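K.L.:
what shape does this take:
(chains A and B)
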Amino acid sequence: MATVEAIKLHKRYHDFVALDDVTLRAESGQLVTLLGPSGCGKSTTLRCLAGFLDPEGGDITLDGESILKLPSNRRGFGVVFQNYALFPHMTVAENIGYGLRLQKCPKPDMARRVGEAVDLVRLNGLEDRLPRQISGGQQQRVALARALVMKPRLLLLDEPLANLDARLRDEVRWLIRDLQQQSGITAFYVTHDQSEAMAMSDMVAVMKAGRVAQFATPREIYQKPVERYVADFTGEANFLACQSVAEQGSGQYRIEAGGTVLTVAGVQGLNGRAELLVRPETLRLAAPDEAADFNGRIVKCAFVGASQLCEIALPDGGTLKLTAAPNTPVHVGDAAAVVMDRAQAWLMPEVAP
Amino acid sequence: MSAAGATFGSGRSVGLGFSLLIVALYVFLLMPLVTIVGASFTSGLMIEFPPQGFSLQWYQEFLSRKDLVDGLLMSLRVAAITAVVTTVIAVMAALAGQAMAGRMAGWFHLGMTLPLLVPELLTAVGLLFFLYKIGLGKTVLGLQFGHILMAFPYAYVSITAALRQVPPSLEEASSSMGATGWQTFRLVILPLVMPGVAMGAIFAFINSFDLYTISLLLKPIGGNTLPLALFDFLTYEFKPTAAAAATLSILLSLVGVVLVQRLVGLQRAF
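P.N.:
Numbers count the residues shown, from 1 in each chain, chains lettered A, B, ... in the order given. Next up, the predicted model:
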């Protein structure tokens, strides 16, 4: 459909730098997620794309052509808001048909397209209800249909699930992803929920204080983060301080961490201080006669049903969180030997240069 | 509840006291109204309450007094024009105020409500000088101008309050679907703030209908609004005709409110 690029966007409010050199690219048909805590600039970026805000520097292009000068009503983008932003005095059908009505779309044509959109989001039978007469999940589906019926060149979603409860969130999430893939629409999706970002996106941009900390596939973001901030924001993580770091070429390093000497992969061109990222699911307690990567002592332990969560103190002061099988005998104070999937460990700087 | 009861006596007596207070308030508010309406139906020759007997003679008398009827017609006309013009300007001003940010918006809001803060007499004197300067001294147009100025803050405040209830995302959603600013206003904003706009219009109408000081100084030569005509009348004769006039104008205001309510539906807010 359309390739969209944000190039070196800058935006400030008085003294606060909202966007600092934000560059992103969504290939045709991709869903790109902007992930980060509140105030990181993800919504500001989306609002610049939508044309609700003017960046002070940089450019936004659609298929290589700048659209920065186009006002929001001529960009032809669909926007879905966190608070749904349905028109409270219009019925579901009128809300969905609003854009077509503005285009002076002939009545029968409009009825057909609204009907198709209603089918798409499975709201049949609710066409004549007012927004306040339907549930939050249904309202967000109306908002989605209202955006999609216009066949937008780009779909922008600003935390569309944030106001929904957990069960609905799942349902609407998959609906959004399905519809986006079926129609092949390029989309930007703003969220602060890492699991949402992982599950839905082709690409994820983790944002930090107005900058893009890392822009990559969900897998790369999770497994090969460029800094601790990214690793922290994308899921449970253990960080081990490393004593000696020696590069062995091609992104391999020989390090000492947690009382063990290891060879692990890491960010290219590291020198000086580095941390080892170990995701809890890459760790397990060693079998009785197995060679351990780390030896420590169990300091915390909790049974959570499907598994047990353990925290293990290492001799150099570091700690490791890991999950053990539900019936493994683990007790606070016991010595513990831990095996790590070395291929999945990742060496990175605490803060990217 | 028990703590409150221990401090203020039993909950029952607090409830009773509160009810009595409410009743007293209503009596206080409604007494003049009841008195005037009652007095207008008296068959006696003085404004008195309770009235003596029942008759419609004072209504007849009112309708036969050209000075009072002319005053009523002038007041109605001025108030109607004030309501329409003020509402249109107030909608535009409220939209402008909404679009501003931060400190600027605060100053704008203060400026728009200034006529409420300046004593009416000062505004009237100032306007009189100004209107003479531009050749509108003692004309109906000048009077109209004064009324619009005085009624404006009421309409502005009412409409601004309504606009604040409309989330900005509605405007953005409308724009993203291709609406121009005007289309967004007509199809989304205006229908949603209509109850506030109607309230603003009613406030403006009633305010204009009641104005005395402004009218006294700015009235056209040979013309009188109803409050002025009534005051002149009462200076020389203390007859129930005035009560009949007042009752009629209360009735007219009520009809106006009900009509607007029917047309736009004051309850049809969010």
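K.L.:
give me the neighbour count for residue 236.
P.N.:
Unless you meant another one, I'm taking chain A. 13 (other Cβ atoms under 10 Å in any protein chain shown). Backbone N, C-alpha and C define where each C-beta goes, glycine included.
K.L.:
nope, chain B please
P.N.:
Residues within reach of residue B:236, counting by other Cβ under 10 Å, total 7.
K.L.:
how about residue A:105?
P.N.:
The number of residues packed near residue A:105 is 17, by other Cβ under 10 Å.
K.L.:
list the residues that contact it.
P.N.:
By Cβ atoms under 8 Å, 6 or more residues apart in numbering or on different chains, the contact set of residue A:105 is residue A:113.
K.L.:
ok, now residue A:136?
P.N.:
Neighbouring residues of residue A:136 by Cβ under 8 Å, 6+ apart: A:84, A:163-165, A:168.
K.L.:
rerun that using 6 Å as the cut-off
P.N.:
Residues near residue A:136 by Cβ atoms under 6 Å, 6 or more residues apart in numbering or on different chains: A:163-164.
K.L.:
so which helix or strand takes in the residue of the stretch 51-200 of chain A found nearest chain B?
P.N.:
Residue nearest to chain B within the stretch 51-200 of chain A (Cβ to the nearest Cβ): residue A:99, separated by 3.4 Å. Per DSSP states H and E, residue A:99 falls inside helix A:92-102.
K.L.:
can you tell if the very next helix or strand once past that helix touches chain B?
P.N.:
Per DSSP H and E, the first helix or strand lying C-terminal to helix A:92-102 is helix A:107-120. No - using Cβ under 6 Å from any Cβ of the partner chain, helix A:107-120 never reaches chain B; the gap is at least 12.7 Å.
K.L.:
what's the following helix or strand after helix A:107-120?
P.N.:
helix A:136-148.
K.L.:
tell me the contacts of the residue of chain B found nearest chain A?
P.N.:
Of all residues in chain B, residue B:177 sits closest to chain A, at 3.4 Å by Cβ to the nearest Cβ. By Cβ under 6 Å, 6+ apart, the contact list for residue B:177 reads A:98-99.
K.L.:
phi, psi for it please.
P.N.:
Dihedral angles phi and psi of residue B:177 (degrees, to the nearest 10) take the values phi -90, psi 10.
K.L.:
model confidence for it, exactly?
P.N.:
At residue B:177, the pLDDT value in this model is 95.
K.L.:
again with the one 3 residues further on
P.N.:
Looking at residue B:180, its pLDDT stands at 94.
K.L.:
equivalent analysis for residue A:350, please.
P.N.:
The model's pLDDT for residue A:350 equals 85.
K.L.:
in a strand, that's where it is, yeah?
P.N.:
No - applying DSSP: H, G, I helix; E, B strand; the rest coil, one finds residue A:350 to be coil, outside a strand.
K.L.:
nearest residue to it other than its sequence neighbours?
P.N.:
Spatial nearest neighbour of residue A:350, excluding adjacent residues (Cβ to Cβ, 6 or more residues apart in numbering or on different chains): residue A:228 at 5.0 Å.
K.L.:
near chain A, which residues of the stretch 151-270 of chain B show up?
P.N.:
Residues of the stretch 151-270 of chain B found near chain A (Cβ under 6 Å from any Cβ) are B:169-170, B:172-173, B:175-179, B:188, B:191, B:270.
K.L.:
any of those buried? List them.
P.N.:
For these, a burial check counting by 16 or more other Cβ atoms under 10 Å in any protein chain shown picks out B:169-170, B:172-173, B:175-179, B:188, B:191.
K.L.:
tell me the angle the helix holding residue A:99 makes with helix A:107-120.
P.N.:
For helix A:92-102 against helix A:107-120, the angle by axes from the mean of the first three to the mean of the last three Cα atoms, to 10 degrees is 130 degrees.
K.L.:
many thanks, I have nothing further to ask.
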